[in-house]
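Colleague: all I have is the shape, not the residue letters:
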């Protein structure tokens, strides 16, 4: 809940942060576990040769998809990280991923209903005047 306080001519407004919306996508080892690819879905394909499905960490946080890979074997070690902003109509909770033959495929369906932005509606605010306590206005804007 928003709070406001005025003390000694200073207005302090405190607004709570919106909790982050985080969704982890499990990476399967077979494309059989992916949903049917239709034209109402986003399909992402990224090459990651030599990486097993269990070595992926795919997370979407507030509309940003992060793909992290960490491989440690006796012969080589790999670290990779990719981030991308998803379209606002991406239905992340319904997303699925699979890694087969070094190719990571992520299918993210589009929302079927009208998309509602996750950001709260904003209203314009204007600073009318700032006083120094004596009634004089050193700055004013309209």
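Modeller: Nice, thanks for sending it over. Please read these numbers as outputs of a predicted model, since none were measured by experiment.

Colleague: and the gap between residue 82 and residue 26?
Modeller: 18 Å (C-beta to C-beta, to the nearest Å). Glycine gets a C-beta too; all of them are placed from N, C-alpha and C.

Colleague: one more: residue 43?
Modeller: 17 Å.

Colleague: more neighbours: which of those two?
Modeller: Per other C-beta atoms under 10 Å, whichever of residue 43 and residue 26 has more neighbours is residue 26, with 14 against 11.

Colleague: list the residues that contact that one.
Modeller: Counting by C-beta atoms under 8 Å, 6 or more residues apart in numbering, residue 26 touches 58, 97.

Colleague: so where's the protein uncertain?
Modeller: 37, 113-142 (pLDDT under 70).

Colleague: which parts of it are strands?
Modeller: Using DSSP state E, the strands of the chain run over 3-7, 10-14, 22-25, 27-28, 41-47, 56-61, 64-72, 77-85, 96-100, 103-109, 129-130, 139-140.

Colleague: could the ones you listed go into JSON lines alongside distance to residue 35?
Modeller: Listed next are those as JSON lines, based on distance: least, C-beta to C-beta, whole Å:
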{"stretch": "strand 3-7", "distance to residue 35": "45"}
{"stretch": "strand 10-14", "distance to residue 35": "43"}
{"stretch": "strand 22-25", "distance to residue 35": "12"}
{"stretch": "strand 27-28", "distance to residue 35": "11"}
{"stretch": "strand 41-47", "distance to residue 35": "8"}
{"stretch": "strand 56-61", "distance to residue 35": "16"}
{"stretch": "strand 64-72", "distance to residue 35": "17"}
{"stretch": "strand 77-85", "distance to residue 35": "20"}
{"stretch": "strand 96-100", "distance to residue 35": "6"}
{"stretch": "strand 103-109", "distance to residue 35": "6"}
{"stretch": "strand 129-130", "distance to residue 35": "56"}
{"stretch": "strand 139-140", "distance to residue 35": "57"}
